[in-house]
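*Asks:* sequence below, structure please.
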Amino acid sequence: MAKREIDLVARYGGEEFALILPATRAADAMRFAENLRIAIMRLGISNARSPVLPVLTVSIGVGTVLNHASYSSDAFLAAIDEALYAAKRGGRNCVVQFEPPDAAADYYESASEYSGS
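*Replies:* Now for the predicted structure:
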């Protein structure tokens, strides 16, 4: 689903993947993540051990940052990981956005729109 040359999909951990979508606004990243969640569910891949549905589903944590120098990569990844686990605690098969602290809100938002949906 990543369509632009600057987008990157990479395995991150055992069962986790990272999608890096440069120059993408928070709302567009959320839309992309929700479209991805639905597309995976609609594949209908059997998953008898799932506590949610009998098909493969995904839980997605989303975060965006404009000024990466203002927020350490470790702290940013930890925050997105927390959003992922919030999605899992919230019933799985959903998307949760990392909400930056109010003091850092100026650093979150991107300058251009994701056009790959």
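*Asks:* helices of this structure, start to end?
*Replies:* Assigned by DSSP state H, the helices in the chain fall at 26-42, 73-89.
*Asks:* nearest to residue 64, of these?
*Replies:* Minimum separation from residue 64 across the helices of the chain (CB to CB) falls at helix 26-42, 4.4 Å. For the C-beta atoms, the positions are set from N, CA and C on the backbone; glycine is no exception.
*Asks:* quick one on the thing from earlier: in CSV: the helices of the chain, plus distance to residue 54, mean neighbour count and mean pLDDT.
*Replies:* Listed next are the helices of the chain as CSV, based on distance: least, CB to CB, whole Å; neighbours: other CB atoms under 10 Å; pLDDT from 0 to 100:
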stretch, distance to residue 54, mean neighbour count, mean pLDDT
helix 26-42, 11, 17, 93
helix 73-89, 18, 15, 86
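*Asks:* Throw those helices into CSV and include distance to residue 12, thanks.
*Replies:* Shown next, in CSV, are the helices of the chain (distance: least, CB to CB, whole Å):
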stretch, distance to residue 12
helix 26-42, 15
helix 73-89, 9
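*Asks:* distance of residue 40 from residue 14?
*Replies:* 17 Å (CB to CB, to the nearest Å).
*Asks:* likewise residue 80?
*Replies:* Applying CB to CB to residue 80 and residue 14 gives a distance of 16 Å.
*Asks:* list the beta-bridge partners for residue 97.
*Replies:* Listed by DSSP bridges, the beta-bridge partners for residue 97 are residue 62.
*Asks:* number of residues surrounding it?
*Replies:* Neighbourhood size, residue 97 [other CB atoms under 10 Å]: 19.
*Asks:* let me see the contact set for the most centrally placed residue in the chain.
*Replies:* Closest to where the C-alpha atoms of the chain average out (CA atoms, centre = their mean) is residue 62, at 3.3 Å. Residues in contact with residue 62 (CB atoms under 8 Å, 6 or more residues apart in numbering) are 26, 29, 30, 33, 80, 83, 95, 96, 97, 98.
*Asks:* that concludes my questions; thank you for your assistance.
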